[in-house]
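Colleague: Structure for the following, please:
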Amino acid sequence: MTGGFAGWIIGGGLLLALFCVISAVRDRPMGVGLLAGLVVLEVALIVQAVLAFGQLGKVGERATFIGYLVGTLVIPLAALWWGRAERTRWGPGVIAVGAFTVAVMTGRLLQIWNGTG
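Modeller: Numbering: from 1, shown residues only. Take a look at the predicted model:
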């Protein structure tokens, strides 16, 4: 796991959350752009998980790290399912919470990886 790649995931998650909040405030239902952003975020998380599992021996707190890693993979899928089911402005709100959560959890993964948290 590299700090640069994790930084891009954190930035992408925060940017997606911002766009979702703007969409929710403007009272717009979920669009294809937000769904595409969530899919891109999920693909980046899958790449991160593959890279991290390949170097799992470097992590001190393996169980915590694996829990966060699996959690970051599940949250966007749950947000996608729930956001698509909600056809009001709260659909983008759900995705905003999911994207923000992924950004925070990725930051925590980076702390565990570096042994600083």
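Colleague: ok now do residue 23, which residues does it touch?
Modeller: 30-31, 34, 89, 92 (CB atoms under 8 Å, 6 or more residues apart in numbering). Using the backbone N, CA and C atoms, a C-beta is placed for each residue, glycine as well.
Colleague: Just among the residues you listed, which is most surrounded?
Modeller: Most neighbours among these, by other CB atoms under 10 Å: residue 92, with 27 neighbours.
Colleague: what residues are up against that one?
Modeller: Per CB under 8 Å, 6+ apart, neighbours of residue 92: 20-21, 23-24, 28-30, 34, 83.
Colleague: go again using 10 Å as the cut-off
Modeller: By CB atoms under 10 Å, 6 or more residues apart in numbering, the contact set of residue 92 is 16-17, 19-31, 34, 83, 86.
Colleague: Show me those that map onto strands.
Modeller: If you go by DSSP state E, the contacts of residue 92 have nothing in strands.
Colleague: Kindly reformat the contacts of residue 23 as JSON lines containing distance to residue 41 and pLDDT.
Modeller: Formatted as JSON lines, the contacts of residue 23 follow (distance: CB to CB, whole Å; pLDDT from 0 to 100):
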{"residue": "30", "distance to residue 41": "15", "pLDDT": "83"}
{"residue": "31", "distance to residue 41": "16", "pLDDT": "83"}
{"residue": "34", "distance to residue 41": "11", "pLDDT": "89"}
{"residue": "89", "distance to residue 41": "20", "pLDDT": "79"}
{"residue": "92", "distance to residue 41": "14", "pLDDT": "91"}
